[in-house]
Each structure stands twice: as structure tokens, then as C-alpha cells.
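Below: sequence and its predicted model.
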Number of protein chains: 4
Amino acid sequence: MTTYSLDVEASIAELRAQVAELHNELVRNNLVVWTGGNVSGRVPGADLFVIKPSGVVYDELSPENMILCDLDGDVIPGTPGSERSPSSDTAAHAYVYRNMPWVGGVVHTHSTYATAWAARGEEIPCVITAMADEFGGPIPIGPFAIIGDDSIGRGIVDTLSGHRSRAVLMQNHGPFTIGVSARDAVKAAVMVEDVARTVHLAREAGSLIPIPQEAIDRLYDRYQNVYGQGEDERR
Amino acid sequence: MTTYSLDVEASIAELRAQVAELHNELVRNNLVVWTGGNVSGRVPGADLFVIKPSGVVYDELSPENMILCDLDGDVIPGTPGSERSPSSDTAAHAYVYRNMPWVGGVVHTHSTYATAWAARGEEIPCVITAMADEFGGPIPIGPFAIIGDDSIGRGIVDTLSGHRSRAVLMQNHGPFTIGVSARDAVKAAVMVEDVARTVHLAREAGSLIPIPQEAIDRLYDRYQNVYGQGEDERR
Amino acid sequence: MTTYSLDVEASIAELRAQVAELHNELVRNNLVVWTGGNVSGRVPGADLFVIKPSGVVYDELSPENMILCDLDGDVIPGTPGSERSPSSDTAAHAYVYRNMPWVGGVVHTHSTYATAWAARGEEIPCVITAMADEFGGPIPIGPFAIIGDDSIGRGIVDTLSGHRSRAVLMQNHGPFTIGVSARDAVKAAVMVEDVARTVHLAREAGSLIPIPQEAIDRLYDRYQNVYGQGEDERR
Amino acid sequence: MTTYSLDVEASIAELRAQVAELHNELVRNNLVVWTGGNVSGRVPGADLFVIKPSGVVYDELSPENMILCDLDGDVIPGTPGSERSPSSDTAAHAYVYRNMPWVGGVVHTHSTYATAWAARGEEIPCVITAMADEFGGPIPIGPFAIIGDDSIGRGIVDTLSGHRSRAVLMQNHGPFTIGVSARDAVKAAVMVEDVARTVHLAREAGSLIPIPQEAIDRLYDRYQNVYGQGEDERR
């Protein structure tokens, strides 16, 4: 049985509870149906992350059945939940953690409006101030990629590296979001669906008014640095 | 009063509880209003199935008022619930069980987006990976058929026999779904509405990007054989 | 203080509880926001009906604050709730009860999709079988009429007299539904929004397939006479 | 530590509870996601108002963490909640209270349909009677303005001064609503989203029928003076 330092064990225990609980936000915000969608969080100070098991309904998620993986996406044997398979998107999550050291959380859903943009391979233009605040510009499209190798993870990392957006719409697939923490990535998943829906509806009724780039820059800068009660809120 | 072997009686009791409970998923996923929609499940090892009573509100469904029928759709006299009429769609469910031996569950709803495609008699194209996973291609349209003889059941069986999809959109009517179990058919009912909504929204805003057939095949094959925690999850 | 025979008093008490409770169905089915929408029910064997008070939020409705009115829409003094104003639509409900003796319940909402059809003054075509079952054909449009005299009530009665539909979309205003009981009128309010939404979505994506009149007639006839557990279910 | 007369302290305590509670209506009516949206209320008889803290989730709002501000939008030191930052929209709320003495409550959301109209900079035409009742005509568009000075507050005041509407759609941003009380402003926020959705859907399917101005005037006049149980209901 694998063991870690007391600090790391404490972090894992806390993260198991957080990640299990955060799945409720996917349900509450209508981002998922049945067993679709998954949240993961990186263990601070270790090359490990915690992720949802595959094909388990949301009502049955608990700290104990979250699954601990290393950054290759392999389940750590002998840990709680390790008798089950992790989310089928585990390889994509692992690729992100390996290649984006600042990322502390990853979320994937098939939320309706975001996936509708993805089915057309069309980025969401930045025409509402809440979107400038949160994403600092358009939500980009990632490549078409299917499960089986690193192509989904690579598509996420290639698209989001150096981009302000914490959300990418993988073509014909759906949104992946990243954040400094699992909670921050969940917030991005909630917000990307919200802006995908609002901009979809806005555009189907007429022409959108663009926001000047300079205003987008100011809004993004302020929101990232001033909004809320300080840095703790994204953790 | 009709009696069965202890094994069959135990299966019936378990199925009554499952089928009653599964109706909650129709409500929770906003697939039904008022008393519309119905779930049935085949009794393992017997030519029997359990189905919802007709015109009863969801809050009042219980194991005891589920109705036991034979494969002609006739209520088994003297069993719990047999004093009431079964769902008005019972003949269609019975036809499916008679003609598709692998089917263990059938669901019918008038869920909004799936029924909208049905009112145009238009199949749903396979443009999102979740749809390739779950249905292996487009969701087909079944014929226009009305209650009164076997034409609805025959339409379902003729359309779905040899088809990857476990869902058919009966023209001007709504979706019927089948599965290896009642739970599996309910999952298909949830997923068909989800993809009907997403593809509807995607297409109203522009051109859809098709998924190559080879990718659809690979996704379907993997999902049917690898996803989840093994075969028990569809039961 | 007005008094009635013991039978009528018992009917009033039962109806107060029913009408108060039925407002929950408007909320549960997302047909109303804030204090909009109202349900009334006729007292069997008396020229009286029970209706919601004006401008009271749904959480505060109870049997005691429902208001008893005569068929001119005047509040019966000295009865529970009579210190408050009845729904501002009371005159329209009263007009319906005076002129359609078979009607036992009336419901009014501003439910979203039904009101959208009303804002265009466009009847809903009968293209789904559930609509043929429930309404026997299209949902008609009533005249533009505003509060202040009998013009709303007259518009409802003129449109629905001799019509199969129990729902009318008053132009620029919203749906009114009638039924043999308050519960039956609430069912019609739920169903008219459901079909308004489904047909709206169906049509925005392409051409609708009509249902042959003969099939509509057969569906309507069967549903009115065979569906459910017998006549008690509409009470 | 700042202190006030007993009367003002009692008003503040009551308002803290009201404003905290009213945020639940934003959630219940699906007007907000995550921490977006805010309600404030003016303290009767004092140059003070109570507002939501910034970036705090709805489940954690309580009377104690509401924040007391003066009409310049500065937090009153030493009062409950004063250790936290108030809503990032506090300056806009303060500007409204300074310049519109009759206003007792202000609400801001990014509710979906209202924000969609705002992204096109298009006012909502008055084509349903509920909108004539509540707003007395179209919902106007306010200027594009971003956080950082008084431009949002000024845009609200300039647009709504002398206008019947209690709601303004700030371009590319979202709705702000005002009222005689916090509750009245919340009602306006609920109703503006409801009419934004209904008119959006109505218009996407065809031509809207206008309501004659004379009828709008009569509806507005009646609703403001007759509807409900008297003036207390807006408090």
C-alpha cells in the first residue's frame, strides 16, 4: 500500500472531500446529465490528482470513492477508490497537470450551449462585460480529438497556453476548463455555459455590438486583481 | 390468483421497486409533465413485464401500484395494482418485448426537443462525441402510427432492429427508448433529449461540422466496451 | 355573516384546500413568476367560486386566504379571506362560470411559450399526438381585450364555446384554460405550455408535418373516453 | 465605532435581514449564477444603504455579512460585515440613491435574456399586457459604461429619470432595476427577465402585434393604482 507524508495525506483527504462536493455544483448549475462530466484537483506539493470514478451517478459520489492518480493518469494502488476505474477523461486531465504547472483543477462537461458552439467549431465572441471580466476575451475552439491517446489533453494545453481564457470548447465534444484550484475550474465551467447561452440567444435575434478591446482589457485586469475578498476565494 | 416460483416472485418485487423509482428520473430530468411518460421492465426468466398505471401522477407511484402484464400486454389478474388500467402505451411495450428478446426495458416520453425533431420527421445527425458514444450514429425517425393496434410497437421494432441507436423518434409523437434493463432505457431517454437539445441549438446558429464515420465507430466501440465500472452499471 | 347549508359549507372547505394546493402546480411547472397566475374552482351545487387573492406570493397561499365569490365576481362578505381583494382577473373567471355551466375550474397564467404565441396572435397548429389527445386540434387565439369590463371573459367564452380546446391564447396577454374541475383546468394550463414550447421549437428548425384530421379525431376521441383510470381523475 | 439612533439601528437590522433574504429570490428565479448579481436597500430616514459583499456565494449570505454603506458607497467602519469588500457594483447603487430620492432598492443581475437584448443594444418592445402593467412601455437601453467611475450609475439615472420603466438594460452588460423598496426592485428584476424571454421567443417566430398606446396607458395606470392588496405589498 502506497503511503505519503502526513501533510500530503491531509491534503489528499481535504481534496477528496472538495472534489466530491464540487460535483454537486455541476448538477446544481445544470451542466451535466446522468454520469457525464467530471472534476479533478491537483494535490498541493505532490505529483498527484484526485478525480471522479467513471460512470458513477452524482448521488453516490463521496470522498471515499474519488480516485487518486499520478500525473500519468495511473491509479495509485491500495488507496480508497482504487478498485474502480477513474473517469474516462483521466488521461486528458493528467496531460494538463503534467504540462501546465500552475493549474490546480480541471473540469469537463457536455453543457448544452457550450457544446452547441463546439459542434459548429465556432469561438464565442466577447460581447458581454461578465465575459470580459472572467475570460478576458473570446472562448477559443480546440481541435477535434477523440479518446485513446494524448490528443485531447494536447489540444487543451495547446489552445489555452498563453491564452487568457480558462475555458476551451473542444470541437464536436464540449468544454474543458482549468483553474488555480478545482473550485476555480468549476467556476469557469459554470461561467462558460452562462456566456455560451447568453451570446447564443443574443445573436439569434440580431447583430451583436462588439466591446472595444481596450475596455475588455480594463475589465479583465480589474476583475482578476480587485474583485471579491482576495485570492482565497478562488481556492 | 396467479402465483410464480419464489425466484420469479422475488424478481417481480425487485422490478416493481426499480420501475417505480426510475419514474423519478423522468421527472428529475424534465422529460415529462403531468402524467405523461412511462417506464417498463421485463421480469428476468419469465414472459412478464412491469409497467406504470395509466394517468397516475408521479408522486403517487409506488411498487404496489405498478402493474404486471404478460407479453400480450394483458394485466395478470389478482396481482397488486391489477385493479387499475396499465399505461395506454402498454401494447407498444409488449410488442417490443415479444419481438426483441434482448430488451429488458422500454421508456416512452414526450420530452420537448426530441418531440420537436419528431414533429418534423427529421433524424438527429451525429455531430457530438457524446452521441457517438451513446447511440453510435444518428437517432432515427419511426413511422407515424397511432394507438389502437400494433402499429406503434411495430414501428419501434422495425426501426431499431439492427440499428445501433436505442432511441427512435416516432413521427409527430415522441421518443421511445430501449435497453438491456429499465435503467438502461431510462438512460437512453435522458441522453436522447440531451442530444436533441444540443444539436437543435447548434444548428439554429450555423453549419454543423460532421464527425467522420471512422471516429464515430471508434467512439461507439470504446464506450460500449470500456466505459464505466463494467456491465453491472447498465442493470 | 353569510351561511350556507352544511353540504355547501363542506364543498367550500374542500375547494379552498384544493384551489390553494393547485397553485403549487403552477409553480412546479414553471408557469408563473412572482404573484402572476391564478386558479379558481366552482362550488358544486351553488352559484359560487373560490379564487386566489390578488398580489399574494405563492408561499403564503392557504385554504383560509382563498376568496369566495358569487358569479358576478363579488366577494361574499364575512367569509374567510373576504377582507382582501380577489385576483384582478376575477371578473373574467366569473363571466366564464356564468356562461359555461359545465365549467368547474378556470386557470390563467402568463406562461412563456403560450404567451409568445399570443403576442403574435397566432394559433398553435396540432402537429403532435399529445396535443390531439388533449386538445383535439389547434389552440385558438382570443381577441385583444383589457381589464375593466367583461371583454376578457366574453373573449374566452366566445372562443371556446363549441371548441374542443380547453385553452385559449388571449392576444398580447396569455393563456386562459377551463376544465370540468379546477384540477382539469390546471392540467390544461400545464399541457398548453408544453405544446406551445414543443411546437415553437419544432417549427423554428424546419417544416412541420401535419397530422391528418381523421387521426386527430381518433386520438381525441380515445383520450377523452379511454385514457386513465376513469372519470374521477379529472376531478 | 459608528452608532445611530435606536430607530435607525432597528431599520438597519430589519433591512439586513430583508436584503440577505431577497438574494434567494434571484437564485429561485434563475437570474444569477455563482456570485453574480446583487441587491441593495436604502435605510429609511438615513443616508445609508445595505448591500451584498463581493464574491460571496449565495448560500453564505446572512444579515450579519451584509455591508452598510453611506451614499458615497463607502463602507461604514465598525459595523457588521465592514471587514469585507462590498459588491463591486456598490458605486453604481450609491449613485442611484444619491440622485433618485424616491428609490428604496436597487438590483443588478446578468439574467440571460435581458442581457441578450443588452448585447444587441436593443430595447424590449411592449407587446404583452403584463409588461404594460409592470413597466408601462418598452424597457430602455442604457449606455455602454464600465466599472471605475460614476458612468454606470449616471447611465442608470439618466435613462430611468422620468421613465415609467423601473428597469434599464445597460448595453453589453445587463439589467439594473430600481424600486420603492429592495423587494420592489427584485420584483422588477424578475419581471424584466420574464418579459425579455417571452418577447425574444415571440419575435423569433414571426411578427409581433403592437399594443395601442392608449391601452398601454390604461393598463399601467390601473396596475399601479389598483392591483394587489394596497401599497404595503411593494415594501
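Received it, and whenever you're ready, just let me know what you need.

for residue A:99, what are its contacts?
A:153, A:157, A:161 (Cβ atoms under 8 Å, 6 or more residues apart in numbering or on different chains). All C-beta spots, glycine's among them, are computed from the backbone N, C-alpha and C.

For the last one, grab phi and psi.
Okay, so that is residue A:161. phi -60, psi 120 (degrees, to the nearest 10).

what are the phi and psi values for the spatially closest residue to it that is not a sequence neighbour?
Among residues not flanking residue A:161 along the chain, residue A:100 sits closest, at 7.1 Å (Cβ to Cβ, 6 or more residues apart in numbering or on different chains). Dihedral angles of residue A:100 (phi, psi; degrees, to the nearest 10) stand at phi -130, psi 90.

So which bits of chain A are right by chain D?
Residues of chain A found near chain D (Cβ under 8 Å from any Cβ of the partner chain) are A:29, A:127-130, A:187, A:190-191, A:194, A:197-199, A:201-202, A:204-209, A:211, A:215, A:218-219, A:222, A:226-229, A:233.

measure residue A:139 to chain D for me?
15 Å (Cβ to the nearest Cβ, to the nearest Å).

same deal with residue A:96?
Distance, residue A:96 to chain D, using Cβ to the nearest Cβ: 22 Å.

okay, now that residue: neighbour count?
25 (other Cβ atoms under 10 Å in any protein chain shown).

residue in chain A nearest to chain B?
Residue nearest to chain B within chain A: residue A:55 (2.9 Å; Cβ to the nearest Cβ).

And the helices in chain A, which stretches?
A:6-28, A:90-99, A:112-120, A:129-135, A:151-160, A:182-204, A:213-225 (DSSP state H).

export those to a markdown table and tack on mean pLDDT and distance to residue C:60?
As requested, these are exported to a markdown table (pLDDT from 0 to 100; distance: least, Cβ to Cβ, whole Å):
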| stretch | mean pLDDT | distance to residue C:60 |
| --- | --- | --- |
| helix A:6-28 | 97 | 26 |
| helix A:90-99 | 98 | 48 |
| helix A:112-120 | 98 | 35 |
| helix A:129-135 | 97 | 34 |
| helix A:151-160 | 98 | 49 |
| helix A:182-204 | 98 | 32 |
| helix A:213-225 | 93 | 39 |
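
Let me know which of those is the nearest to residue C:65.
helix A:6-28 (32.8 Å; Cβ to Cβ).

which parts of the closest one are buried?
For helix A:6-28, the buried set under the neighbour-count rule, 16 or more other Cβ atoms under 10 Å in any protein chain shown, comprises A:11-12, A:15-16, A:18-23, A:25-26.

With stretch A:98-113 instead?
So, applying 16+ other Cβ under 10 Å, buried residues of stretch A:98-113: A:98-100, A:103-113.

Report the contact partners of the residue nearest to residue A:154 when sequence neighbours are not counted.
Leaving aside its sequence neighbours, residue A:154 sits nearest to residue A:95 (Cβ to Cβ, 6+ apart; 6.4 Å). Applying Cβ under 8 Å, 6+ apart to residue A:95 gives the contacts A:73, A:150, A:152-154, A:156-157.

Closest to chain D out of the residues you listed?
residue A:156 (22.2 Å).

Which residues of chain A lie near chain B?
Going by Cβ under 8 Å from any Cβ, the residues of chain A near chain B are A:33-36, A:53-56, A:84-85, A:88, A:110, A:112-113, A:115-122, A:144, A:146-148, A:171-174, A:200, A:203-204.

follow-up on the earlier one: would you mind checking the residues of chain A next to chain D for buried ones?
Buried, going by 16+ other Cβ under 10 Å: A:29, A:127-130, A:187, A:190-191, A:194, A:197-199, A:201-202, A:205, A:208-209, A:211, A:215, A:219, A:222, A:227-228, A:233, out of these.

From the residues of chain A next to chain B, list the buried ones, please.
By 16+ other Cβ under 10 Å, the residues of chain A next to chain B give A:33-36, A:53-56, A:84-85, A:88, A:110, A:112-113, A:115-122, A:144, A:146-147, A:171-174, A:200, A:203 as buried.

In space, what's closest to the residue of chain A positioned farthest from its centre - neighbours in sequence excluded?
Going by Cα atoms, centre = their mean, the residue of chain A most distant from its centre is residue A:206, 31.0 Å out. Spatial nearest neighbour of residue A:206, chain neighbours left out: residue D:120 (4.9 Å); criterion: Cβ to Cβ, 6+ apart.

cool, residue A:193 as well?
Distances taken as Cβ to Cβ, 6+ apart put residue A:111 closest to residue A:193, at 4.0 Å, once the chain neighbours are dropped.

how close does the residue nearest to residue A:206 get to chain C?
Residue D:120 sits 18 Å away from chain C, going by Cβ to the nearest Cβ.

same check, this time on residue A:70
Applying Cβ to the nearest Cβ to residue A:70 and chain C gives a distance of 46 Å.

need the contact list for that residue.
Here residue A:70 is in contact with A:47-48, A:76, A:94 (Cβ under 8 Å, 6+ apart).

can you check residue A:147 too?
Shown in contact with residue A:147 (Cβ under 8 Å, 6+ apart): A:88-89, A:91, B:219, B:222.

Which pair of the residues you listed spans the longest distance?
Using Cβ to Cβ, the contacts of residue A:147 span at most 14.8 Å, a distance reached by A:91 and B:219.

Give me the nearest residue to residue A:151, chain neighbours excluded.
residue A:145 (3.8 Å).

and if you look at residue A:79?
In space, residue A:79 is closest to residue A:68, 4.6 Å off (Cβ to Cβ, 6+ apart).

Repeat that for residue A:44.
Nearest residue to residue A:44, sequence neighbours excluded (Cβ to Cβ, 6+ apart): residue A:11, at 5.2 Å.

so who does the residue lying closest to residue A:175 once chain neighbours are set aside touch?
Leaving aside its sequence neighbours, residue A:175 sits nearest to residue A:114 (Cβ to Cβ, 6+ apart; 4.3 Å). Applying Cβ under 8 Å, 6+ apart to residue A:114 gives the contacts A:139, A:167, A:169, A:174-175, A:192-193, A:196.
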